[in-house]
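Asker: quick check, what structure comes out for this input:
(chains A and B, ligands or ions: 1)
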Amino acid sequence: MDNLITGKIYVLGNNIDTDQIIPAEHLVYSTSDPEEAKKYGHFALSSVPPEEAGLPHGNLPFIHGDNYQSEYSIIIGGSNFGCGSSREHAPFALQVAGVKVVVAESYARIFYRNSVDGGFLVPMESAERLCDILQTGESVTIDITNGTITRHYDNRVFTLKNLGSVFAIVQSGGLFQYARQNQLL
Amino acid sequence: MGMTITEKIFAHASRTHKVIPGQSVWLNVDILMTHDVCGPPTIAIWEKEFGGDAKIWDKNKVVIFPDHYIFTANPHANRNVELLRQFAAKHELPNYYDVGTERYKGVCHLALAEEGFNVPGTVLFGTDSHTCTSGAFGMFATGVGNTDAAFILGTGKIWEKVPESMRFIFNGDMPEYLTAKDLILRILGDITTDGATYRAMEFSGSAINQMNMLERMTLTNMAIEAGGMNGIIAVDDITREYLSSVGVSGYQEFTSDSDAEYFATYTYNANELVPVVAKPHSPDNLAAVRDVEGTKLTKCYIGSCTGGKLSDFHYAAKILYGRKTAVTTFIVPASTTVARQLKTEKYKDASLYDIFTEAGAYIAESSCAACLGGPADTTGRSIDGDTVISTTNRNFPGRMGSKQSSVYLASPLTVAASAVTGVITDPRDLLQ
Ligand code: SF4
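Answerer: Next comes the predicted model:
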């Protein structure tokens, strides 16, 4: 795991559910075939209502045209990010699209677990409601160990919550890696 | 300080005497359930991580129900079922319920109960968020993703944080116009879609004690809609009777101690509650049916793990008996057992099947169908401009198909009443 992540942010609101992250009709594609799996990146966040896609203004597509990767590698969300179904395709789709970190006010349990245990991305919790402060397209750097997010243009630093007991799994890169390193497998 | 029923099961399954909320423990899993959407990726991770000669931790404890994308021409969806079929054959899995055979069951959460996999005091993980449904049987059941499921498939173990518990007590008696769906929608309106995140939701009280197991499953099913880790109801005579009817015996019953600690307690009087809906586009967008009555509809849908059980169709039949539907109405029995029961169970002098057919409803084959939209040829899928009232559990944008459709969630009584008039209707106006 890289400790410092720099990239452009894509801002979303509350209750971004797994159907918005990856609509159910696309769940038929293989996740293990690398070519076919690109579809997941292509359709990532495709069901977010247009007016809420890329806040504060909206109407900013996460993926352009036929691409499967996004120009944004960090997502900022509100409360209850990833609610809905248990589909691991959700953090997977974001990973395929190039997302490294999600920073939200709070998460739904299964999305959070999937992100950590599958090693897809790092789910960080913000101390304040960053989706009302930061704007889509801004560049930031996230320090995972120290729990900060720094906005480049004014060097303003915001605090992120400690990952707590899942930090060890995040650091290992996922549940299987963690279990091997700790002789659980 | 005492422990809640969920804490006791955590302690038991992690081979210790005492656990406290917030603590992470390794649980020994009793049953792992998966289906056609998450089964294939779970198997792929398991094979990759454990290697070519990987061994399943316990074949008798793995249960697989193809149920989501079943009656479709979509080649990718059919390939997923084929992958499950090959996996089950290769490993000679005793608990695989293949499509197109006598064994086909339909929606996993109801099938688990019918096939006797819900056992009080045990721990069940499934690759589906509504796995919490099984908690109606006094057990711990919750959903996980594919990586966690693959880990369980190889080891029979998984880490989990001990949840805090929230208690929901329903005193009084259930009026005839109210169903379990009205109760859980009311809770969602009160605590919202993240009100129980990472917590256990424990249901009790005289109104719960009067409910049959199917209605109880409607409550625990939708714990996840509040973000809950699990829903749970203590075992009583009604549970024991259901279990003995499906051949389950010799289980351990846990109950919450009187001095157990709860994060919060909500107390309701069932007699004072009214029929409600969740308006588009969130299960916590609560309104009394009276406040939205008259809303014009294009589709009515009675189905899914939460709203396609025999109890739901008994409710619907009470309203639809001798009446015609005014809008397209889909009846989707969650399991093949329920589909058969529609023909044998009666309301007054007619079978439920005949009541629905004579009302002009369309009776579909058992599966998840349009509950989660699905491929374009899925029965009942919503299209642009639809306004649907449905007994399912989610109405997020696009959940039942088109993003340009609106879905109201309601009880089977309310959906049936609305089917008769073509507009959202309070069942109290039509109960005969
Ligand atoms: S019926 Fe709906 S909620 Fe239930 S398992 Fe199927 S898709 Fe999920």
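Asker: measure B:Lys348 to B:Tyr321 for me?
Answerer: Computed as CB to CB, to the nearest Å, the B:Lys348 to B:Tyr321 distance reads 6 Å. Any C-beta I mention is one placed from the backbone N, CA and C, and that applies to glycine too.
Asker: whoops, I mixed them up, B:Thr133
Answerer: Distance from B:Thr133 to B:Tyr321, by CB to CB: 28 Å.
Asker: over to B:Met33?
Answerer: 36 Å.
Asker: neighbour count winner among those two?
Answerer: B:Met33 (27 against 19; other CB atoms under 10 Å in any protein chain shown).
Asker: the more buried one in helix, strand or coil?
Answerer: strand (DSSP: H, G, I helix; E, B strand; the rest coil).
Asker: what is the longest helix that chain B contains packed up against?
Answerer: The helix that spans the most residues within chain B, counting by DSSP state H, is helix B:75-90. Here helix B:75-90 touches helix B:39-50, strand B:62-65, going by 3 or more CB pairs under 8 Å, 6 or more residues apart in numbering or on different chains; DSSP states H and E.
Asker: does any bit of stretch A:62-70 sit next to chain B?
Answerer: No: Stretch A:62-70 does not reach chain B (CB under 8 Å from any CB of the partner chain); its nearest approach is 15.2 Å.
Asker: mind listing residues that contact that stretch?
Answerer: Here stretch A:62-70 makes contact (CB atoms under 8 Å, 6 or more residues apart in numbering or on different chains) with A:10, A:38-46, A:48, A:53-54, A:71-72, A:96-99.
Asker: and with 7 Å instead?
Answerer: Taking contacts as CB atoms under 7 Å, 6 or more residues apart in numbering or on different chains, the residues outside stretch A:62-70 that touch it are A:Tyr10, A:Lys38, A:Gly41, A:His42, A:Ala44, A:Leu45, A:Ala53, A:Tyr72, A:Val96, A:Ala97, A:Gly98.
Asker: phi and psi next, for B:Gly385.
Answerer: Backbone torsions for B:Gly385, taken as degrees, to the nearest 10, come to phi 90, psi -10.
Asker: and the pLDDT at it?
Answerer: At B:Gly385, the pLDDT value in this model is 97.
Asker: again, but for B:Gln432
Answerer: For B:Gln432, the model assigns a pLDDT of 66.
Asker: the lowest-mean-pLDDT helix or strand in chain A and the ligand, are they touching?
Answerer: Using mean pLDDT, DSSP states H and E, the weakest-scoring helix or strand in chain A turns out to be helix A:18-21, at a mean of 92. No: taking CB under 6 Å from any ligand atom as the criterion, helix A:18-21 and the ligand are apart, separated by no less than 10.8 Å.
Asker: next secondary structure element downstream of that helix?
Answerer: On the C-terminal side of helix A:18-21, the nearest following helix or strand under DSSP states H and E is helix A:34-42.
Asker: what pLDDT, on average, does the next helix or strand after that next one get?
Answerer: The C-terminal neighbour of helix A:34-42 among helices and strands, as given by DSSP H and E, is strand A:74-76. Strand A:74-76 carries an average pLDDT of 98.
Asker: got the angle for the next helix or strand after strand A:74-76 vs helix B:39-50?
Answerer: Helices and strands here follow DSSP H and E; after strand A:74-76, the next one along the chain is helix A:89-96. Relative orientation of helix A:89-96 and helix B:39-50, computed by axes from the mean of the first three to the mean of the last three CA atoms, to 10 degrees: 60 degrees.
Asker: hmm, whichever helix or strand comes after helix A:89-96 in reach of chain B?
Answerer: Once the chain leaves helix A:89-96, the next helix or strand it forms, by DSSP H and E, is strand A:101-104. No: counting by CB under 7 Å from any CB of the partner chain, chain B has no neighbours in strand A:101-104; the shortest distance is 10.9 Å.
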